[in-house]
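>>> Please work out how this folds:
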Amino acid sequence: MQVEITDAHREELRAAMMLLEYPGIAAKITDFIGMPIQKALDLLPKNWNEKIGVITRTALLKASDAAIFTMKNKQGGKASNAWHKVGVAVTGGVGGFFGFAALAVELPVSTTIMLRSIADIARSQGESIADYETKLACMEVFALGGTSIADDNSESGYYAVRLSLVTSVSEVVGYVTKTLSDKSSPALIKFISSIAQRFGIQISEKVAAQAIPAIGAAGGVIINTIFINHFQDMARGHFTVRKLERIYGKDAVKACYDGLLQSSMSRKNQKF
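Okay, the predicted model is just below:
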């Protein structure tokens, strides 16, 4: 029997879909720097891709240890996003001043702050931070970067990304018995690597913008503010969907989401 989603929850889902599907971080940063992000990417060192990959995986591992395991297991309430934005903005100023060389120091700190904010948003949507799947869902947000210049249509959609991570999530939950912070867990390493592949794309776009000579420390603050705003939006969308899935079931919510997305895309196409 098909579950009927109420009009109020349907509008919540529509708002979540708009956050999750577009625009991506590249579009937001492009608007700020006033040039295509691809041109900014050309300013990075030749070996930037490999280095960013290593730094991103390290940052995610450190953040998973530090950010969500110290939070009190309190559900509901309003997320404290403002302080997290300030913290990430400050690290952005450091990154903007010192450039690519500061990434290995700045990224673990900013990622930890962002993950803390994501966990706070999850808690505000009724999630239990003590639950392993909730912790993994917080990490998943870093893979939900919206449309990127490196995406293709088969991989960039919200549910497509979630589906690609299902196996990794199941393996981690099955492996962990006491603490998710067990760095020796091969399942956790695999999961982090899967997240890092997509998060690294967003990091590359952020670093490329900060590498523009005219950006400087002030620009780094703004770019990092854009960055955390973006992932806070991803978290709000993600945990709204999960909340509705707890109420109506995953199949019903996905069917409604897909219908809303198709309607949105049709309206968008009609404008052109």
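>>> Counting neighbours, which bits of stretch 47-65 end up buried?
Buried residues in stretch 47-65, defined by neighbour count with 16 or more other CB atoms under 10 Å: 48, 52-53, 55-65. For every residue, glycine as well, the C-beta is placed using N, CA and C.
>>> now swap in stretch 238-246 and tell me
238-244.
>>> so who does A209 touch?
Neighbouring residues of A209 by CB atoms under 8 Å, 6 or more residues apart in numbering: 29, 32-33, 37, 40, 215, 219, 223.
>>> S110: which of those is nearest?
I223 (10.7 Å; CB to CB).
>>> Which residue, other than its chain neighbours, is closest to that closest one?
Leaving aside its chain neighbours, I223 sits nearest to A209 (5.3 Å; criterion: CB to CB, 6 or more residues apart in numbering).
>>> do you know how far that neighbour is from C256?
36 Å (CB to CB, to the nearest Å).
>>> where in the stretch 151-272 of the chain is pLDDT low?
Scanning the stretch 151-272 of the chain for pLDDT under 70 picks out 151-156, 175-184, 213-218, 268-272.
>>> Do a quick rundown of the helices in it.
In the stretch 151-272 of the chain, the helices defined using DSSP state H, counting those that start in this stretch lie at 153-156, 158-175, 186-210, 216-248, 250-270.
>>> Name the residues of the last one that come out as buried.
To tie it back to what came earlier, the one meant is helix 250-270. So for helix 250-270, counting by 16+ other CB under 10 Å, buried means 252-254, 256-257, 260-261.
>>> Just to check, K254 is in contact with Y159?
Yes. Between K254 and Y159 a contact is recorded at 6.1 Å, counting by CB atoms under 8 Å.
>>> Who wins on neighbours among the contacts of A209?
Counting neighbours by other CB atoms under 10 Å, the top entry in the contacts of A209 is I223, with 27 neighbours.
>>> quick one, what contacts the closest residue to F199 other than its chain neighbours?
Leaving aside its chain neighbours, F199 sits nearest to F142 (4.1 Å; criterion: CB to CB, 6+ apart). Contacts of F142 were listed using CB under 8 Å, 6+ apart, and they are 60, 111, 114-115, 195, 198-199, 202, 231.
>>> pLDDT score assigned to the closest residue to I222 other than its chain neighbours?
Distances taken as CB to CB, 6+ apart put F32 closest to I222, at 6.3 Å, once the chain neighbours are dropped. At F32, the pLDDT value in this model is 77.
>>> helices or strands up against the strand or helix carrying F32?
Using DSSP states H and E, F32 maps to helix 25-33. On a contact count with 3 or more CB pairs under 8 Å, 6 or more residues apart in numbering; DSSP states H and E, helix 25-33 meets helix 37-41, helix 186-210, helix 216-248.
>>> how about the ones you listed in TSV, adding distance to V3?
Shown next, in TSV, are the helices and strands packed on helix 25-33 (distance: least, CB to CB, whole Å):
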stretch	distance to V3
helix 37-41	41
helix 186-210	31
helix 216-248	5
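>>> Tell me which of those helices sits nearest to E133.
Closest among those, using CB to CB: helix 216-248, at 9.4 Å.
>>> And that closest one, what does it pack against?
Secondary elements touching helix 216-248 (3+ CB pairs under 8 Å, 6+ apart): helix 7-21, helix 25-33, helix 81-98, helix 103-124, helix 132-140, helix 158-175, helix 186-210, helix 250-270.
>>> Now render the buried residues of helix 250-270 as JSON lines, adding distance to H9.
Below are those laid out as JSON lines (distance: CB to CB, whole Å):
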{"residue": "A252", "distance to H9": "10"}
{"residue": "V253", "distance to H9": "9"}
{"residue": "K254", "distance to H9": "14"}
{"residue": "C256", "distance to H9": "9"}
{"residue": "Y257", "distance to H9": "11"}
{"residue": "L260", "distance to H9": "12"}
{"residue": "L261", "distance to H9": "16"}
